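**Student:** Give the three-dimensional model of this entry:
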Amino acid sequence: MTRLSVNINKIATIRNARGGNIPNVREAAIKCQKFGAQGITIHPRPDERHIKRTDVFDIKPIITTEYNIEGYPDRHFLNLVIEAYPNQVTLVPDLPSNITSNQGWNVVENVSMLKDVVAEMKSYKIRTSIFVGTNLKDIEAVGQTGTDRIELYTEPYALMFPKNKEVAIAPFIKAAKLADEQGLGINAGHDLNLDNLKYFVQNVPGLLEVSIGHALISDALYFGLQKTIGLYLEQLK
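**Tutor:** As a prediction, the model looks like this:
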């Protein structure tokens with residue numbers, strides 16, 4: 001069964017809009033795991049517009065599943081990861097000014113830098129995943145970095161899914177097969193939701209983990225967090 005990691009950035013966004021500590025990010029992480037999530041994902045950004053540095057360390061002691069920290073691999077972020085020591089770090093190419101991740105790495109052009117970052121993370125025994133699209137040249141280049149996994153950037157799939165799900169999924173199947181041939185683990189995330197998740201999981205081979213935040217937290221406003229996590233876990237069976 002593909003594992004579900006819940007991205008709790010949006011919990012922090014709501015808290016920060018008012019100040020104070022409601023909703024409580026640490027309590028949200030505890031509840032997500034209690035309700036069946038198999039991981040917690042955060043994406044701290046330099047401006048702390050959602051996850052704050054203090055959150056990174058407040059959450060760490062209560063993680064009983066998997067702790068995944070996403071971010072752009074500048075020195076500040078890498079030092080944070082080393083200090084927080086998560087189970088997994090996901091390297092994304094978004095600049096600090098981006099509202100959200102909106103593309104995968106051009107791995108061909110950044111292979112040397114990514115290789116150095118992966119080597120550093122491996123020296124600390126932190127599993128590394130590289131956020132990447134479905135360009136097969138990039139998938140081939142990822143194999144040169146030494147990374148443990150890739151995370152497939154799934155917004156293009158989500159946008160095409162309502163129009164033609166077979167066309168939407170096709171490049172992801174090819175990318176996953178090529179990644180698997182190179183011995184890479186496969187994660188996925190971005191705009192996966194209750195409408196498109198099941199089809200993705202059923203058709204992409206070797207999918208180990210999905211990271212879902214925006215859609216899941218939004219659904220929780222209607223269904224409640226416990227029921228929502230249950231609904232997402234049903235899609236992964």
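**Student:** what's the residue nearest to Glu66 when sequence neighbours are not counted in contact with, if anything?
**Tutor:** Of all residues not flanking Glu66 in the chain, Gly39 sits nearest, at 3.7 Å (C-beta to C-beta, 6 or more residues apart in numbering). C-beta coordinates here come from the backbone N, C-alpha and C atoms, glycine included. Contacts for Gly39 (C-beta atoms under 8 Å, 6 or more residues apart in numbering) come out as Arg3, Leu4, Ser5, Val6, Thr65, Glu66, Tyr67, Asn68, Asn87, Glu209, Ser211.
**Student:** Pretty sure the third one sits against Ile42.
**Tutor:** Just to be clear, that refers to Ser5. No. Here Ser5 lies out of contact with Ile42, judged by C-beta atoms under 8 Å, at a distance of 10.0 Å.
**Student:** does Leu4 sit in a helix, a strand or a coil?
**Tutor:** Recorded secondary structure, Leu4: strand (DSSP: H, G, I helix; E, B strand; the rest coil).
**Student:** any idea how far Phe147 lies from Lys34?
**Tutor:** One thing to correct before we go on: residue 147 is Thr, not Phe. As for Thr147, its distance to Lys34 is 31 Å (criterion: C-beta to C-beta, to the nearest Å).
**Student:** Which of these two has more residues huddled nearby?
**Tutor:** Counting neighbours by other C-beta atoms under 10 Å for Thr147 and for Lys34 shows that Thr147 has the greater number, 25 against 12.
**Student:** isn't the more buried one right up against Ser129?
**Tutor:** Yes. Look at Thr147 against Ser129 with C-beta under 8 Å: they come within range, at 6.6 Å.
**Student:** so what's Leu95 scoring on pLDDT?
**Tutor:** The predicted local distance difference test score for Leu95 is 69.
**Student:** no, scratch that, I was asking about Ala179
**Tutor:** At Ala179 the predicted local confidence, pLDDT, stands at 98.
**Student:** Ok, Gln103 next?
**Tutor:** pLDDT, read off for Gln103, is 78.
**Student:** For it, which residues are in contact?
**Tutor:** Shown in contact with Gln103 (C-beta under 8 Å, 6+ apart): Pro93, Asp94, Gly133, Tyr153.
**Student:** try 10 Å
**Tutor:** Residues in contact with Gln103 (C-beta atoms under 10 Å, 6 or more residues apart in numbering) are Val92, Pro93, Asp94, Phe131, Val132, Gly133, Tyr153, Glu155, Pro156, His190.
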